[in-house]
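Trainee: coordinates for the following, if possible.
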Amino acid sequence: MDSPIESVGSAPPARALWCGGLFLPLFIVAVSARALSVEPPPDIHHSALHEAADRCDPESGRGFVDALSTDTRTAEINRLDREGHTPLACAARNGCLAVARILLQQGAAVDATDDDTRWTPLLQAADQRHADMVRYLLTRGASVNVRAGFGQTPLTAAILGAVFTFGPEGDRDDTVHALLDGGADVDLPGESGWTQLMAAVFQGDANLVQLLIRKGADLAIRDSRGKSALDYADEREEHDIRNILVNRRTMDR
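Mentor: Numbering: from 1, shown residues only. Reported below is the predicted structural model:
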């Protein structure tokens, strides 16, 4: 049953569904084209260097750096945009080694981040599974066991992967190996006390679970909910992983 609802502004009436004596708006509401076209204001802090990193354009990036005065160079190279990204973080997220090299050679802070998210360039690269970028940042002194605002570590980020991907296709296993070879703490807890082993169980990857166990992962650790990696394997009905964990626990006794 339809019921007229007073229109707002220039929008036509909304449609409602009669259900149990109540009008439930379906939110099939016609919104003016003008409202749909509204965009956020441009990010005045997203500089030409950020753009060069986003496009992986080393020529433009070098030209911009060379044009900077000595007094402003460090500040511009480490400028945070609205999302809390430095140009190096953008390069790391996009897997752009050429721009990353220019920035670090010119004094970019390898672990620079904002105070809220605390996502360093290494975390960005690990999240996107850009293994070569991860290795390069580690050679330049990036902190491999840094934790972000919600507790994410580079190793956890690499295991779980990004929701939205940037740059070339990533390689999870190569990235995980790069972080482990770079000294990543296999038991460093992430968000809610999650360990890397729990993240691997969540991914349902028996080979990754075995790798972390070989690297010394502690099967007895429990998260803030009091659950272990074995508990999550049971919950998710990961029978092969459960057998691996049980056998390992038996060997350790």
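
Trainee: top helix in the protein by residue count?
Mentor: Of all the segments of type helix in the chain, defined by DSSP state H, the longest one is helix 239-252.

Trainee: got a list of contacts for stretch 108-127?
Mentor: Contact with stretch 108-127 is made by 77-78, 80, 84-89, 91-93, 95, 100, 104, 133-134, 137-138, 140-144, 146-149, 152-155, 157-158, 161-162, 175, 179, as judged by Cβ atoms under 8 Å, 6 or more residues apart in numbering. C-beta here means a position set from N, CA and C on the backbone, and glycine is covered the same way.

Trainee: now that stretch: average pLDDT?
Mentor: Averaged across stretch 108-127, pLDDT comes to 92.

Trainee: got any ranges where the stretch 151-253 of the chain has weak pLDDT?
Mentor: 253 (pLDDT under 70).

Trainee: would you list every one of the strands in it?
Mentor: Taking DSSP state E, counting those that start in this stretch as the criterion, the stretch 151-253 of the chain contains no strands.

Trainee: now Thr86: closest residue in space that isn't a chain neighbour?
Mentor: Ala112 (4.8 Å; Cβ to Cβ, 6 or more residues apart in numbering).

Trainee: ok, now Ala184?
Mentor: That would be Leu155: by Cβ to Cβ, 6+ apart, it lies 4.4 Å from Ala184.

Trainee: I figured the one you found was touching Asp181, is that so?
Mentor: No. Applying Cβ atoms under 8 Å, one finds Leu155 not in contact with Asp181, separated by 11.4 Å.

Trainee: quick one, domains of this structure?
Mentor: 1-34, 45-150 (automatic domain parsing).

Trainee: re earlier: tell me which of Leu155 and Asp181 has more neighbours.
Mentor: Neighbours per residue, other Cβ atoms under 10 Å: of Leu155 and Asp181, the larger number sits with Leu155, 26 against 12.

Trainee: residue contacts, that one?
Mentor: 126, 176, 179-180, 184-186, 188, 196.

Trainee: how much space between the most centrally placed residue in the chain and Thr153?
Mentor: For the chain, Asp127 is the residue whose C-alpha lies nearest the centre (Cα atoms, centre = their mean; 4.3 Å). Using Cβ to Cβ, to the nearest Å, one gets 11 Å for the distance from Asp127 to Thr153.

Trainee: residues contacting His50?
Mentor: 79, 81, 85, 87, 90.

Trainee: number of residues surrounding Glu59?
Mentor: 11.

Trainee: actually Trp119, not the one I wrote
Mentor: 24.
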